[in-house]
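1. pasting the structure only:
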Ligand code: XIL
């Protein structure tokens with residue numbers, strides 16, 4: 001066989017095996033159309049955010065992180081913070097009393113490090129996605145305190161120095177402003193919140209510790225209660241550094257941005273940092289150009305509010321592509337709440353975020 005023929009043969013074999021290689025490596029045929037390429041995108045969100053010293057992040061799902069090259073590409077290109085959407089939920093990371101499973105979170109850390117991104121730990125203390133051994137354990141107060149301390153410190157110590165921001169207590173306040181009725185409140189008492197932060201700080205004194213809450217962005221009984229809680233913690237000398245505002249919103253439930261700004265300002269005045277931690281904007285029903293524009297406006301206004309605040313250091317979205325969103329299980333429809341469509345093409349909301357970042 002001459003060199004020409006041999007080359008032809010090699011090329012044929014290569015072409016034949018390429019799709020097979022793809023399917024084996026990534027577990028699926030890539031999405032079509034292929035994600036918008038950087039040329040078409042121009043400057044990225046991440047580049048713009050970095051210039052303004054702002055963290056821009058997304059909640060990340062382990063499935064597509066392992067299997068979808070478009071997902072990986074857009075995530076690394078547009079964001080500088082990774083938040084585990086479910087990998088750090090109690091039932092996932094601590095499925096038995098004496099057993100921690102770090103594999104998923106390690107995968108996310110590796111991805112983050114490989115792409116010069118940060119990993120945000122979320123959440124340590126919450127009342128949902130708890131394992132049966134914990135819920136049905138009938139533990140005494142002492143036992144429950146041991147369990148919670150060990151849970152918090154084991155996770156933080158493993159990622160010490162690798163994760164600067166931690167959601168320590170998640171969703172601790174009820175709609176009426178009382179402490180939310182949780183396994184921790186019932187079993188330990190109201191001091192579970194202070195204790196969680198003290199234990200977290202002990203495990204990593206350099207980490208910024210957050211109290212993260214939903215539907216407490218505007219001025220309300222609930223956000224007043226969050227304010228009073230964290231103000232009290234500061235007075236007692238409890239190590240808390242910030243408040244996370246989840247910002248799960250929708251066209252049917254638009255944020256009153258002037259109120260959000262006031263709320264952020266009063267928290268900042270306490271010396272606390274604020275971050276937008278789980279933003280999405282659901283569209284119920286038909287999704288047309290009008291709805292997409294309204295959605296974009298909400299994203300843009302939120303970004304502007306954060307940039308104008310004294311200390312709002314991150315805008316983190318609860319996912320980034322409409323292909324993967326928790327809305328599907330939450331409201332029974334996709335809701336198209338994010339800034340890239342199902343094919344990873346940028347939506348008007350993406351442009352709106354950029355415009356605000358580009359504004360002087
Ligand atoms: C959600 C996930 O997105 C879902 O996949 C999971 O089934 C339930 O939890 N507030 C939070 C997040 O702090 O951790 C939640 O994430 C959404 C609401």
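-> In hand now; what should we look at? Quick caveat, the model's predicted, so the values are computed rather than measured. Numbers count the residues shown, from 1 in each chain.

2. tell me, how many residues neighbour the closest residue to the ligand within the stretch 151-300 of the chain?
-> Across the stretch 151-300 of the chain, the shortest distance to the ligand (Cβ to the nearest ligand atom) belongs to residue 170, at 5.0 Å. Yep, even glycine has a C-beta here, placed from its N, CA and C like the rest. Residue 170: 24 surrounding residues under other Cβ atoms under 10 Å.

3. wait, isn't it in contact with residue 121?
-> No: using Cβ atoms under 8 Å, residue 170 makes no contact with residue 121, being 11.0 Å away.

4. which bits of the chain sit near the ligand?
-> 85, 86, 123, 170, 214, 246, 278, 326 (Cβ under 6 Å from any ligand atom).

5. make it 5 Å
-> 85, 170, 326 (Cβ under 5 Å from any ligand atom).

6. tell me the bridge partners for the residue of the stretch 151-300 of the chain closest to the ligand.
-> Note on residue 170: beta-bridge partners by DSSP bridges are residue 212.

7. which residues are in contact with the closest residue to residue 225 other than its chain neighbours?
-> Distances taken as Cβ to Cβ, 6 or more residues apart in numbering place residue 177 nearest to residue 225, at 3.6 Å, with adjacent residues excluded. Taking Cβ atoms under 8 Å, 6 or more residues apart in numbering as the criterion, residue 177 is in contact with 221, 222, 224, 225.

8. least confident pick among the residues of the chain next to the ligand?
-> Across the residues of the chain next to the ligand, the bottom pLDDT score, 95, is held by residue 326.

9. which residues touch the nearest residue to that residue once chain neighbours are set aside?
-> Among residues not flanking residue 326 along the chain, residue 318 sits closest, at 6.7 Å (Cβ to Cβ, 6+ apart). Residues in contact with residue 318, defined by Cβ under 8 Å, 6+ apart, are 58, 59, 85, 246, 248, 278, 279, 280, 325, 326, 337, 338.

10. could you say which helix or strand holds the closest residue to residue 87 other than its chain neighbours?
-> Leaving aside its sequence neighbours, residue 87 sits nearest to residue 104 (Cβ to Cβ, 6+ apart; 3.7 Å). Assigned by DSSP states H and E, residue 104 falls within helix 103-114.

11. how about the helices of the stretch 151-300 of the chain, start to end?
-> Along the stretch 151-300 of the chain, the segments classed as helices by DSSP state H, counting those that start in this stretch run 183-188, 192-203, 221-235, 257-269, 289-308.

12. in JSON lines, list these along with distance to residue 42, mean pLDDT and mean neighbour count.
-> Output for the helices of the stretch 151-300 of the chain, formatted as JSON lines (distance: least, Cβ to Cβ, whole Å; pLDDT from 0 to 100; neighbours: other Cβ atoms under 10 Å):
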{"stretch": "helix 183-188", "distance to residue 42": "47", "mean pLDDT": "98", "mean neighbour count": "19"}
{"stretch": "helix 192-203", "distance to residue 42": "40", "mean pLDDT": "99", "mean neighbour count": "21"}
{"stretch": "helix 221-235", "distance to residue 42": "37", "mean pLDDT": "98", "mean neighbour count": "17"}
{"stretch": "helix 257-269", "distance to residue 42": "27", "mean pLDDT": "98", "mean neighbour count": "18"}
{"stretch": "helix 289-308", "distance to residue 42": "17", "mean pLDDT": "98", "mean neighbour count": "19"}
